[in-house]
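Trainee: model the structure of this input:
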Amino acid sequence: MPRTIIFRARVTSRSIRWILNSPPIGTMESIPDVIEALKQKARQTPAGQWITGRGYDDTLLREGRHPTRGDLDRASTQHPIWIAHTS
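Mentor: The predicted model follows:
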């Protein structure tokens, strides 16, 4: 199983609680902001358990791109990470 997965999906699961929205709804203005939020969640999550997030928008992030596997590995290599785009 891959350590990180990135894909676009419409998600309705109540289990996804980590919100990664950009202003005006949220506070994520850059990929480092997203990584820091995921790191914070990782500190609260036992190793090996999933970290999930939704709502990031690459068009509103300073870098103008999607987070990469390398970006997500900076958040944690001890957790599988799944994030979904806002669309």
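
Trainee: surely G64 and D58 touch.
Mentor: Yes - using C-beta atoms under 8 Å, G64 is in contact with D58, at 6.6 Å. In this view, the C-beta of every residue, glycine as well, is placed from N, C-alpha and C.

Trainee: I'd like the average pLDDT over stretch 22-31.
Mentor: Throughout stretch 22-31, pLDDT has a mean value of 89.

Trainee: quick one: buried residues of that stretch?
Mentor: Within stretch 22-31, the residues scored as buried using 16 or more other C-beta atoms under 10 Å are S22, G26, M28, I31.

Trainee: now do it: everything it contacts.
Mentor: The set of residues external to stretch 22-31 that reach it, using C-beta atoms under 8 Å, 6 or more residues apart in numbering, is 19-21, 33-34, 37, 55-57, 60-63, 65, 67, 71.

Trainee: any low-confidence regions in this structure?
Mentor: 1-18 (pLDDT under 70).

Trainee: phi, psi for R54 please.
Mentor: The phi/psi pair for R54 (degrees, to the nearest 10) reads phi -150, psi 160.

Trainee: and the gap between it and M28?
Mentor: Distance from R54 to M28, counting by C-beta to C-beta, to the nearest Å: 11 Å.

Trainee: okay, and the common contacts of these two?
Mentor: Shared contacts of R54 and M28, defined by C-beta under 8 Å, 6+ apart, comprise L20.
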